[in-house]
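Colleague: What shape does this take:
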Amino acid sequence: MADPTDAPLSAAQRSRIRRLSQPHEPAPGDEAGELNIIPYLDIITNIMMFVLASISVSFVASIDTTPPAIGGGKVRVDPSTKSLNLACFIVTQGITLKTSSGNIATGCNDVGSGITVPKVGDDYDFKSLTACAKRLKNANSAFKEETQVTITANPGVEYKTVIDVMDSLRNDNEEELFPEVHFGAAR
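Modeller: Presented below is the predicted three-dimensional model:
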């Protein structure tokens, strides 16, 4: 409410208040005052659709592995029998296999030192690796039931190489060799 002691407004003052309170069109250089966010929402919607479409493709590939069991799992059929305990080491010069008897020598013929399956040129020899794993598994009837292999790779070995070694040790297209793959850490 107005204070009764205040002086009344003059006609000029009332006219000015009416004129200033009237809505008017903005000047050509002034903006209208409303923000149009529709183009912004269109861009955000397109970005969200792209992100959702690309995320669904990222999680397609998976590799089934099992963690090692306490006590070795199926590594030993009977504690009184000898076990193979196959381990595979991927190094820059090739692939080395090791069993409970010791390191497998070059050519996969005997126990000894050296790279079991050396590289052929710049490529790893996966066919020879599969043949060597099959020869080791068939060397003794006690090894037939073994299903585990531990793979360890040196730093710098490509991920594709580790997967190819794993595939080579799992089967040879005739029989299953070592389907349970475990990963070791290089020390």
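
Colleague: Check which residues of the helix or strand of the chain with the lowest mean pLDDT are buried.
Modeller: Least confident element among the helices and strands of the chain, by mean pLDDT, DSSP states H and E: helix 38-58 (a mean of 84). Of all the residues in helix 38-58, not one is buried under the rule 16 or more other Cβ atoms under 10 Å. In short, each C-beta sits where N, CA and C put it, glycine included.

Colleague: Any idea how far it is from the middle of the chain?
Modeller: 23 Å (Cα atoms, centre = their mean, to the nearest Å).

Colleague: Please renumber the chain so that the first residue is 38 from this point on.
Modeller: Right, with 38 as the first residue, what we last looked at is helix 75-95.

Colleague: need the next SSE after it, C-terminal direction.
Modeller: Counting by DSSP states H and E, the next helix or strand C-terminal to helix 75-95 is strand 123-128.

Colleague: on contacts alone, who are the packing partners of that next one?
Modeller: Applying 3 or more Cβ pairs under 8 Å, 6 or more residues apart in numbering; DSSP states H and E, we find strand 123-128 packed against strand 131-136, helix 163-174, strand 185-190, helix 196-207.

Colleague: Try it again at 7 Å.
Modeller: When contacts are defined as 3 or more Cβ pairs under 7 Å, 6 or more residues apart in numbering; DSSP states H and E, strand 123-128 packs onto strand 131-136, strand 185-190, helix 196-207.

Colleague: could those go into a markdown table alongside distance to residue 91?
Modeller: Conversion of the helices and strands packed on strand 123-128 to a markdown table gives the following (distance: least, Cβ to Cβ, whole Å):
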| stretch | distance to residue 91 |
| --- | --- |
| strand 131-136 | 36 |
| strand 185-190 | 29 |
| helix 196-207 | 21 |
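
Colleague: which one of these lies closest to residue 122?
Modeller: Closest of these to residue 122 is strand 131-136, at 6.1 Å (criterion: Cβ to Cβ).

Colleague: hmm, who's touching that closest one?
Modeller: Outside strand 131-136, the residues that touch it by Cβ atoms under 7 Å, 6 or more residues apart in numbering are 121-126, 140-141, 152-156, 161, 166, 169, 173, 202.

Colleague: Only whichever of the residues you listed are buried, select them in ChimeraX.
Modeller: Selection command for ChimeraX covering only the buried members of those, criterion 16+ other Cβ under 10 Å:
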select :121,122,123,124,125,126,140,141,152,153,154,155,161,166,169,173,202
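
Colleague: Any regions of this protein where pLDDT drops low?
Modeller: 38-39, 41, 63, 66-70, 93-118, 224 (pLDDT under 70).
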